[in-house]
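Student: the following comprises the amino acid sequence and a computationally predicted model.
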Amino acid sequence: MLKRIFCFATMLLSLFILLGCESEGVNDTNIDHTIKSKENLINILSKHKIIVSEFDVGIIERESIYGSSTTSESVRNYSRTNTQVNGVDEADIVKTDGTYIYLAVLNKVIIAKAYHEEDMEVVKTIEYEDFAPKSLYVDDTYLVVLGSSYKAVESEDSYFYTQPNSRVIVYNKSDFSVKDIIDIGGYTVTSRKINEELLLVTNQYVNYTKGDKDVNLPSVTINEDKKVINYSEIHYVEGVNPNAFVSLIKVNLDDLNYQNYTYLGSSSNVYVSMNNVFVAENVINDISAINNESRTAVTKIDYSDGNFGVSKSVVIKGYINNQFSMDEYNGMFRVATTTGWNDSENNLYIYDENLRLISKLEGIAKDERIQSVRFLGERIYIVTFRQIDPFFVIDVSNATNPKILGELKIPGYSTYLHPYDKSHIIGFGFDTLETSNGVRISGIKMTMFDVVDPSEPKTMFNEVLNFGDNSYGYSELSYNHKALLFNKDKNLFAFPLMFTKYTKDNLTYSQSYKVYNIDLESGFTFKTDISHFDEAKENGYQYGYKVLRGLYIEDTLYTVSYSRIMAHSLTSYKELNTLDLEIDESQFYHIWYGGL
């Protein structure tokens, strides 16, 4: 038992180990090498402090530029998942193809006919015994289900631990028959899909103790054809902590042709462009120096020619907030970081295609930390926060000389920035209030920023949803961009929201899907609240009735929870139909939530 506790504690500390040197805040680029043999791998692992993990921990991840698409392969107009990069799809728990809605819940995938709304019905439920579906992709040909399966493994000292396995099940949409099953060792950090190609990024911790003669290598199994990654295929970059096998698997869903790239390292945030994958891991030089010595190691893997190329890695001063802190533009890699916790400051670094430093802008907003970043071509928008919300407009038209053009200070802060158009940015986050005990969060806040004149950014509109006394609220959109439904042409801005009120005797909950019209004349205009909560039930969290996502097909708005799908008119907001998914609500108390 003590060993298990120690392993868990040391695994949590692994993010704070840095191998590598600093030069003007940023070290030189490192080129990768292949391991080539078991002896070389053992030698590398023996030289470093490797975390011996009894179990793996799943990571929860916290758009096209204009969010949900209004075009599709068919004539029908329907929304898509809000993603970071146009053309690079991201998996989510709910998807639609304009006719059906697909939902991953518990040990099931539910497929419901949604269009037309009067014909809503569950047409198929796929149930699993040894597989937990976590997220989905849907295109014209395939339904792709991503999830995990676990198996118990007995160690040499008779302890049992769970060994995670990432699984992908590909279905033919014509009859929902299984086309392919893909298994990869370790847990899935994230995934992307570009046309017919699926990209997976997985982590398999190195279960190695100094003196061991063997190491459990990662493997890929497609339709029971298993291939163990051999030593000559494993890469290592000096300066990156060899704590896990990070595997990138790119599979063509049509012909199952696949490429893999495996290297020693770890991963916390991933940015994927049309040509490259950037995997970031947070590391630190010395645990005792956590306040000032945070670092991020970024590994770039090229796949522009259809095959994974040689990777490059660089260690950057500071830590990144999330995937939106990274970007690729005209072959350049741009990244925004925060250094330190108490005496913090923020930085922008620009690298060329070989990860050689082109320029940097350091010392932005001292004593504050980055809350959100948005890269939009030659403009970068950064929000920091400690007491107020500085909104920075940065010009990078000259990549060798980035400049802060303007700054706006307002109460609160935005945790997510979304472009409305080229001259207006939507901020979503929290309002704050100064009290005798300091600054506290007082509500959910939406802001329309006017950057027509980048030297003088302005607030055009604010919409605040106050918590009130003894209350607190949150929205998944504050940490997950996929929770947003936005369409500029439909003037649509919508998201889920949960409120909790504390009283002397108990807690009360309310949850709804907030729908707003948004434009440059009136700003945020509230239209309706849609709730799936069952009013006949005794007050409680009602997790199964929490609205997860909203989507539209033509002029009908659909809201989806684990228990219901509701259809409303997008013009009158009148309820049109409700479909009960007949899920056993008691099961929601026993879910382990991972993330893809």
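Tutor: It's in.

Student: which residues of the stretch 1-150 of the chain fall in helices?
Tutor: Chain-ordered helices for the stretch 1-150 of the chain, with DSSP state H, counting those that start in this stretch as the definition, fall at 2-13, 38-47.

Student: flag the shaky bits of the stretch 51-200 of the chain, pLDDT-wise.
Tutor: The stretch 51-200 of the chain contains residues with pLDDT under 70 at 51-74, 151-163.

Student: picking that back up, and the helices of the stretch 1-150 of the chain, which one averages the lowest pLDDT?
Tutor: By mean pLDDT, the lowest-scoring of the helices of the stretch 1-150 of the chain turns out to be helix 2-13, with a mean of 40.

Student: distance check, the closest residue to Phe385 other than its chain neighbours against Phe499.
Tutor: Take Phe385 and drop its neighbours on the chain: the residue closest to it by C-beta to C-beta, 6 or more residues apart in numbering is Tyr413, 3.6 Å away. To be clear about C-beta, it is placed using only N, CA and C from the backbone, and glycine gets the same treatment. Look at Tyr413 and Phe499: by C-beta to C-beta, to the nearest Å, they are 20 Å apart.

Student: which of the two has more neighbours?
Tutor: When Tyr413 is set against Phe499 and neighbours are counted by other C-beta atoms under 10 Å, the residue ahead is Tyr413, at 28 against 17.

Student: measure the more buried one to Asn346 for me?
Tutor: With C-beta to C-beta as the criterion, Tyr413 and Asn346 are 13 Å apart.

Student: intersection of neighbour lists for these two?
Tutor: By the contact definition C-beta atoms under 8 Å, 6 or more residues apart in numbering, Tyr413 and Asn346 are jointly contacted by Thr384.

Student: bridged to Lys360, which residues?
Tutor: Applying DSSP bridges to Lys360 yields these beta-bridge partners: Tyr349.

Student: quick check: it touching Tyr351?
Tutor: No. Contact status for Lys360 versus Tyr351: not in contact, 9.7 Å apart, counting by C-beta atoms under 8 Å.

Student: more neighbours: which of those two?
Tutor: Remark: of Lys360 and Tyr351, Tyr351 carries more neighbours, 25 against 17, as counted by other C-beta under 10 Å.

Student: what residues are up against Asn260?
Tutor: Applying C-beta under 8 Å, 6+ apart, the residues near Asn260 are 220, 229, 233, 247-250, 308.

Student: nope, Val277 is what I was after
Tutor: Taking C-beta under 8 Å, 6+ apart as the contact definition, Val277 lies against 199, 201, 248, 270-271, 300-301, 303.

Student: tell me which residues form a beta bridge with it?
Tutor: The bridge-partner assignment for Val277, based on DSSP bridges, gives Val272, Ile301.

Student: can you check Asn282 too?
Tutor: Under DSSP bridges, the residues paired with Asn282 across the bridge are Thr296.

Student: so how far is stretch 196-212 from its chain's centroid?
Tutor: The chain centroid and the centroid of stretch 196-212 are separated by 19 Å under C-alpha atoms, centre = their mean, to the nearest Å.

Student: His481 against Thr415, yeah?
Tutor: No. Shown here, His481 and Thr415 do not form a contact pair, counting by C-beta under 8 Å, at 9.9 Å.

Student: what ranges do the strands span in the stretch 251-400 of the chain?
Tutor: Defined through DSSP state E, counting those that start in this stretch, the strands belonging to the stretch 251-400 of the chain, from first to last, are 258-265, 269-272, 276-284, 294-302, 312-317, 326-329, 332-339, 345-351, 357-364, 369-376, 379-385, 389-395.

Student: can you give me the strands in the stretch 1-150 of the chain?
Tutor: 30-31, 33-34, 94-96, 100-105, 108-113, 121-127, 132-138, 142-154.

Student: strand partners of the third one, parallel vs antiparallel please.
Tutor: In other words, strand 94-96. Under the criterion DSSP bridges, strand 94-96 sits next to strand 100-105 (antiparallel) in its sheet.

Student: list the buried residues of stretch 263-278.
Tutor: By 16 or more other C-beta atoms under 10 Å, the buried positions in stretch 263-278 come out as 263-273, 276-278.

Student: so, low pLDDT: which residues of the stretch 301-450 of the chain?
Tutor: Under the criterion pLDDT under 70, the flagged ranges of the stretch 301-450 of the chain are 387-389.

Student: let's go with 90 and repeat that
Tutor: Regions of the stretch 301-450 of the chain meeting the criterion pLDDT under 90 cover residues 303-313, 340-343, 367, 385-389, 433-441.

Student: and the stretch 451-596 of the chain, by the same measure?
Tutor: Where the stretch 451-596 of the chain drops into low confidence, which here means pLDDT under 90, it does so at 468-472, 499-511, 533-545, 582-596.

Student: please repeat the previous calculation with a cut-off of 70.
Tutor: Counting by pLDDT under 70, the ranges of the stretch 451-596 of the chain that qualify are 535-541, 585-596.

Student: mind listing the strands for it?
Tutor: 458-466, 471-474, 485-487, 492-502, 507-519, 523-530, 549-553, 556-560, 564-569, 575-580.

Student: of those strands, which is nearest Lys193?
Tutor: For the strands of the stretch 451-596 of the chain, proximity to Lys193 was assessed by C-beta to C-beta; strand 549-553 is nearest, at 17.6 Å.

Student: the closest one - contacts with which helices or strands?
Tutor: Using 3 or more C-beta pairs under 8 Å, 6 or more residues apart in numbering; DSSP states H and E as the contact definition, the elements that strand 549-553 packs against are strand 94-96, strand 485-487, strand 492-502, strand 556-560.

Student: between strand 100-105 and that strand, find me the angle.
Tutor: Counting by axes from the mean of the first three to the mean of the last three C-alpha atoms, to 10 degrees, strand 549-553 points 170 degrees away from the direction of strand 100-105.
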